[in-house]
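A.B. asks: give the three-dimensional model of this entry:
(one chain, ligands or ions: 1)
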Amino acid sequence: MDVAAFVPLSLSDHEGHVAAVVFVPGCNFRCPFCHNPDLVLPERAAGGLRVPVDEVLDQLCDRRDFLDSVVVSGGEPTLQPGLQEFLAAVRVMGLRVKLDTNGSRPDVLRDLFEGKLVDYVAMDIKAPPARYSEFAGVPVDLVRIEESIRLIRSTAPDYEFRTTVAPGLAAEDLRTIADWILGAKRYVLQPFRVPPEKGLLDPTWSDREALSPHALRGIWDLVAPLVGGGGVRAPTWAGPSLRPMSRGRRVVGRRTSSLRRLR
Ligand code: SF4
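C.D. replies: Numbering: from 1, shown residues only. I've put the predicted structure just below:
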């Protein structure tokens, strides 16, 4: 498995847990509002530095009495060969696992669930079905997305679905998404923002207007009755800006977030 960056401590990436975060390179989507073009675009990701997996595992092992969770994010983790083996090694340390995914690989999710290798899944729902490819930046097989939604709801030990409310998504789009995942345990709306000192995957999206956090809180009142829980997440972003350290290590900035519960 390739690791592009490792954050040894985060109090915000897995709510209620003291976590380390592993960022993997590569993604099969091209969401124009993506914060991590250095991880996603092949011409930027391929030549990037890597943190040796053994080094990551060593650090996790050294910190296992202090940590209680490992978050695997990206990029798209389910594209990584060796993901299962990595998570199995994390499991041996007695740590929990949170997986961030775009839901495009239900076959991988099924294997992870069967292997009891994941405790919490956060799956992006990019847009309502009719607009999915527009916001993913590539043609998307909705059958796979729907299979991932079904699998996560039926099998994941715990989960959330989440939507970054990118420019162009409107209240009726969010309502349509909530109908699509009707009755899901947890749905989170994430305001669009442009991280300081970082570009978006499509820089032209930086100047586009999106719904404000205030507007999202009003929309949440409309979608909340359709799901089990969740709210509007308000991230403050200090990274990740990938900066090389010695011996291929990378430092990434830390993000913090809070979830405003509205019901
Ligand atoms: S937002 Fe997520 S799914 Fe979209 S391009 Fe970025 S890493 Fe991939």
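
A.B. asks: just for this structure, where's the confidence low?
C.D. replies: For the chain, the stretches flagged by pLDDT under 70 are 235-263.

A.B. asks: can you rerun that using 50?
C.D. replies: 238-263 (pLDDT under 50).

A.B. asks: helices along that one, start to end?
C.D. replies: Ranges of helices in the chain, per DSSP state H, are 37-40, 42-45, 53-62, 83-92, 106-114, 132-136, 142-155, 171-180, 213-223.

A.B. asks: rebuild the ones you listed as TSV, extending it with distance to C31.
C.D. replies: C-beta here means a position set from N, CA and C on the backbone, and glycine is covered the same way. Formatted as TSV, the helices of the chain follow (distance: least, C-beta to C-beta, whole Å):
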stretch	distance to C31
helix 37-40	8
helix 42-45	15
helix 53-62	26
helix 83-92	21
helix 106-114	19
helix 132-136	6
helix 142-155	13
helix 171-180	15
helix 213-223	18
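
A.B. asks: so which of those helices gets nearest the ligand?
C.D. replies: Go through the helices of the chain one by one with C-beta to the nearest ligand atom and the one that ends up closest to the ligand is helix 37-40, at 4.6 Å.

A.B. asks: which other residues reach that closest one?
C.D. replies: Taking contacts as C-beta atoms under 8 Å, 6 or more residues apart in numbering, the residues outside helix 37-40 that touch it are 4, 23-27, 29-30, 34, 44-45, 48, 74-75, 199-201, 242.

A.B. asks: OK, contacts around S104?
C.D. replies: Shown in contact with S104 (C-beta under 8 Å, 6+ apart): N28, F29, E76, T78, V140, D141, R144, I145, S148.

A.B. asks: burial check on R175, number of neighbours?
C.D. replies: Neighbour count of R175, defined by other C-beta atoms under 10 Å: 15.
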